[in-house]
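Asker: The amino acid sequence is not available; the structure is as follows:
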């Protein structure tokens, strides 16, 4: 096996590093995640918190996002909208500006 083939084999067998950053410092608040050397980000936030965190530079990347809705009845049924975008910030702005989008407050 040549050296480049060996490196490819080793990469397939190794795990990935996942970094989770708690934006407001709380375990249940908004957060973003990075996986290894992937340029994309993963964002998790309640819809109500998105305006507060959206101007961070991390949101100018491609990635996936999870928007959690606020409980709307006594049963506290949670709804989570999952999406992907080439630019997370631009996509979240679209969600916030459209009154017909799901998870409106």
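Answerer: Nice, I can see it. Predicted model only: the values in this text are computed from it and were never measured.
Asker: after whichever helix or strand residue 81 is part of comes which helix or strand?
Answerer: Per DSSP states H and E: residue 81 is located in strand 80-85. Remark: after strand 80-85, the chain's next helix or strand is helix 88-97, criterion DSSP H and E.
Asker: Buried residues of that next one, list them for me.
Answerer: For helix 88-97, burial by neighbour count (16 or more other C-beta atoms under 10 Å) applies to 88, 89, 91, 92, 95. (Each C-beta comes from the backbone N, C-alpha and C, glycine too.)
Asker: Low-confidence ranges, the chain, go.
Answerer: The chain contains residues with pLDDT under 70 at 1-14, 70-77, 99-105.
Asker: can you give me the helices for it?
Answerer: 3-13, 50-53, 88-97 (DSSP state H).
Asker: okay, which residue is most central for this structure?
Answerer: In the chain, the centroid-proximal residue (C-alpha atoms, centre = their mean) is residue 43; its distance is 1.7 Å.
Asker: partners of the strand holding residue 81, with directions?
Answerer: Using DSSP bridges, the strands paired with strand 80-85 in its sheet are strand 63-68 (antiparallel).
Asker: Pull the distance from the partner strand to the chain's centre.
Answerer: Centre-to-centre, strand 63-68 and its host chain are 4 Å apart (C-alpha atoms, centre = their mean, to the nearest Å).
Asker: bridging residues for residue 64?
Answerer: residue 42, residue 84.
Asker: residues contacting it?
Answerer: 40, 41, 42, 43, 82, 83, 84 (C-beta atoms under 8 Å, 6 or more residues apart in numbering).
Asker: For the first one, grab the count of nearby residues.
Answerer: Under the neighbour criterion other C-beta atoms under 10 Å, residue 40 is assigned a count of 15.
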